[in-house]
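Undergrad: Fold the following, please.
(one chain, ligands or ions: 1)
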Amino acid sequence: MTQRRVNGCALSSCSCIRMGTAMTETAYDPQNIFGKILRGEIPCHKVYENDHVIAFMDVMPQADGHALVVPKTPSRNLLDADPATLGHLYAAVQTVARAAKAAFAADGVAVYQYNEAAAGQTVFHLHVHVLPRHEGVAPRRHVEGMADPVLLAQHAERIRAALAG
Ligand code: 5GP
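TA: Numbering: from 1, shown residues only. Got it, this is the predicted structure:
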């Protein structure tokens, strides 16, 4: 890590970045897009919700049926989340992954999760990507190309039906 000063720290091999919300650079910002979805300020194609999480379609899906599972407790990513949040989150990821695999007759399910911009994170509220995958079909690129909202609504309905079935 290059030398820089963050909250008074100027170490050349700084590990402060891993210490979470005390750091200005890694603080949770409630104005992120998923925070707005959780507060109902912007819409989403919801597929699942319980007391701890909400799951909805990714607007730039890397595969048909690409859903995001988002904890209601605010944390920026895996690095500042508390273990209880992670437990609830990954239990829901399993639920949504099973439903998405069935809904899209997939051969498998990819589960992705990025932490900080350097690792590919673009929305800074913890979330997990759930992608139905088919043999020989490569996923589309990350954050590239908005999907047709009508198609997203249809895909959300397929996952909801699988969850209900
Ligand atoms: P990240 O890059 O943080 O791992 O993933 C963020 C994801 O959120 C991306 O896959 C992106 O397509 C998706 N996304 C960005 N803005 C919105 C939005 O307004 N609504 C929904 N449903 N997904 C979004």
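
Undergrad: and residue 105, how many neighbours?
TA: Neighbourhood size, residue 105 [other C-beta atoms under 10 Å]: 9. Heads up, the C-betas are built off the backbone N, CA and C, glycines and all.

Undergrad: which SS state does it fall under?
TA: At residue 105 the chain is in coil, as set by DSSP: H, G, I helix; E, B strand; the rest coil.

Undergrad: And the next helix or strand past the helix or strand hosting residue 110?
TA: Assigned by DSSP states H and E, residue 110 belongs to strand 108-112. Sequence-wise, the next helix or strand downstream of strand 108-112 (DSSP H and E) is strand 128-133.

Undergrad: show me what contacts the spatially most central residue of the chain?
TA: In the chain, the centroid-proximal residue (C-alpha atoms, centre = their mean) is residue 127; its distance is 2.5 Å. Going by C-beta atoms under 8 Å, 6 or more residues apart in numbering, residue 127 touches 34, 68, 69, 70, 71, 113.

Undergrad: Kindly report the same for residue 82.
TA: Contacts of residue 82 (C-beta under 8 Å, 6+ apart): 73, 75.

Undergrad: Low-confidence stretches in this structure?
TA: Applying pLDDT under 70 to the chain flags the ranges 1-25.

Undergrad: Could you pick out the residues of it near the ligand for me?
TA: 33, 44, 56-60, 114, 120-123, 143 (C-beta under 6 Å from any ligand atom).

Undergrad: follow-up on the earlier one: dump the contacts of residue 127 to TSV, plus distance to residue 102 and neighbour count.
TA: Listed next are these as TSV, based on distance: C-beta to C-beta, whole Å; neighbours: other C-beta atoms under 10 Å:
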residue	distance to residue 102	neighbour count
34	25	21
68	18	24
69	16	27
70	21	23
71	24	24
113	22	17
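
Undergrad: circling back to that earlier point, and the strand holding residue 110, how far out from the chain middle?
TA: 12 Å (C-alpha atoms, centre = their mean, to the nearest Å).

Undergrad: Partner strands of it, with direction?
TA: Strand 108-112 has the following sheet partners, assigned by DSSP bridges: strand 128-133 (antiparallel).

Undergrad: Just give the nearest non-adjacent residue to residue 44, would you?
TA: In space, and not counting its chain neighbours, residue 44 is closest to residue 56: 3.8 Å by C-beta to C-beta, 6 or more residues apart in numbering.
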